[in-house]
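Undergrad: A predicted structure for the sequence below; I have some questions about it.
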Protein chains: 2
Amino acid sequence: MAKIKVHVFLKPGVLDVQGKAVEGALQGLGWSGVSNARVGKLIEFDLTGAEDPQAEAKKMCEQLLANTVIESYRIEAT
Amino acid sequence: MAKIKVHVFLKPGVLDVQGKAVEGALQGLGWSGVSNARVGKLIEFDLTGAEDPQAEAKKMCEQLLANTVIESYRIEAT
């Protein structure tokens, strides 16, 4: 069984409104040194019966987990 | 300047509907070996002017970034 972790984040250059909101809120709470906030997704699951878990996870990202027009992803299989 | 990464995920035992949806969708696409899918958030930002970035990030999590009733968090400061 493989444990898969997929990080999905918006590509650089795509406006990250959720990140901007977090940044503004933290600054409003007094942390003026916060910048470049980005918010991404972290998807974790177990995968059994796959010969090459990394390759299977890549297919899952392309088909379902990431919107590859605006999002990048990074896969960790352990 | 410190680079902060905060992973926020639902505590074990809290029903993760988004994770269930991802799991069901992947199984529907033919990956029957997928189980225990969980979906979390990954918040990344730069922090300047903090003496102890790790401690500051912990305060941010407690105040804003995580709902500590149902969510846990893990901080990486580099």
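TA: In hand now; what should we look at?

Undergrad: Chain neighbours aside, what residue packs nearest to A:Met60?
TA: Spatial nearest neighbour of A:Met60, excluding adjacent residues (C-beta to C-beta, 6 or more residues apart in numbering or on different chains): B:Leu26 at 6.0 Å. Heads up, the C-betas are built off the backbone N, CA and C, glycines and all.

Undergrad: got the contact list for the top helix by length along chain A?
TA: Counting residues, the longest helix in chain A under DSSP state H turns out to be helix A:17-28. Surrounding helix A:17-28, the residues in contact under the criterion C-beta atoms under 8 Å, 6 or more residues apart in numbering or on different chains are A:10, A:34-39, B:43, B:45, B:60, B:64-65.

Undergrad: Let's have the residues you listed in JSON lines, adding secondary structure.
TA: Below are the contacts of helix A:17-28 laid out as JSON lines (DSSP: H, G, I helix; E, B strand; the rest coil):
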{"residue": "A:Leu10", "secondary structure": "strand"}
{"residue": "A:Val34", "secondary structure": "strand"}
{"residue": "A:Ser35", "secondary structure": "strand"}
{"residue": "A:Asn36", "secondary structure": "strand"}
{"residue": "A:Ala37", "secondary structure": "strand"}
{"residue": "A:Arg38", "secondary structure": "strand"}
{"residue": "A:Val39", "secondary structure": "strand"}
{"residue": "B:Ile43", "secondary structure": "strand"}
{"residue": "B:Phe45", "secondary structure": "strand"}
{"residue": "B:Met60", "secondary structure": "helix"}
{"residue": "B:Leu64", "secondary structure": "helix"}
{"residue": "B:Leu65", "secondary structure": "helix"}
